[in-house]
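[1] Need coordinates for the following:
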Amino acid sequence: MAVVFHANYVNWFEIGRTELVRHLGMPYGEIEKRGLLLPVVDLTCKYILPARYDDRIIVCTSVQQYSTVRIAFRSEVRRIADDEIIPAEWNGAEPPGELLVKGGTRHVWVSTDWRPKRLDKALPELYDIIQKVAGGDEKGDC
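    Numbering: from 1, shown residues only. Got it, this is the predicted structure:
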């Protein structure tokens, strides 16, 4: 059909989350080394337009909601022109390109034995980073 297989968008959401956390200064591998895991407990994905083979795409990811034990990410997959410049951050402005897919994931912080953990107690420096990037107070009860 000359379009990207629908399940690939879920992988792109994961890549977006991983790169966002890395960009914030805490690679996901470091989080796991510190004894925390972040399993997906919910996924939403709305397909608007298909990505086609050889399209240049970007994945835009942000923290939508968070609490001490949960976090939700919002993701968008967008098609951009070959000559379009990609800024590292958008700071609330509309990201570049044409929206193809939007959605998000919800997660729970757990220990390596899969018991819920409070991020503010287990890894307070990461919790502080999330608060700063998400704008302060806990956002919703995700």
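[2] what's the distance between residue 29 and residue 36?
    According to C-beta to C-beta, to the nearest Å, residue 29 stands 11 Å off from residue 36. The C-beta positions use only the backbone N, C-alpha and C, and glycine is treated the same way.
[3] quick one, which of those two is more surrounded?
    Counted by other C-beta atoms under 10 Å, residue 29 and residue 36 do not tie: residue 36 has more neighbours, with 18 against 11.
[4] so the more buried one bridges to which residues?
    residue 111 (DSSP bridges).
[5] And the residue sitting nearest the centre point of the chain, its phi and psi?
    For the chain, the residue nearest the mean C-alpha position is residue 17 (3.1 Å; C-alpha atoms, centre = their mean). Backbone torsions for residue 17, taken as degrees, to the nearest 10, come to phi -60, psi -50.
[6] mind listing what it touches?
    Shown in contact with residue 17 (C-beta atoms under 8 Å, 6 or more residues apart in numbering): 61, 73, 75, 105.
[7] out of the residues you listed, which is most surrounded?
    Using other C-beta under 10 Å as the neighbour criterion, residue 75 leads the contacts of residue 17 with 26 neighbours.
[8] so how many other residues sit close to residue 38?
    Residue 38: 19 neighbours (other C-beta under 10 Å).
[9] Excluding chain neighbours, what is closest to it?
    Distance criterion C-beta to C-beta, 6 or more residues apart in numbering; nearest residue to residue 38, sequence neighbours excluded, is residue 107 at 4.7 Å.
[10] Which strand or helix spans that neighbour?
    strand 98-108 (DSSP states H and E).
[11] export that strand as CSV, just CAs?
    Extracted in CSV, the C-alpha atoms of strand 98-108 (Å, rounded to 0.1, in the frame of the first residue of the first chain):
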residue,chain,number,x,y,z
GLU,A,98,1.8,18.0,8.9
LEU,A,99,0.1,16.0,11.7
LEU,A,100,-0.2,12.3,10.8
VAL,A,101,-0.9,10.6,14.1
LYS,A,102,-1.5,11.7,17.6
GLY,A,103,-1.9,9.9,20.9
GLY,A,104,-0.1,9.0,24.0
THR,A,105,0.9,6.6,26.6
ARG,A,106,0.3,6.3,30.4
HIS,A,107,2.8,4.6,32.7
VAL,A,108,3.4,3.6,36.3
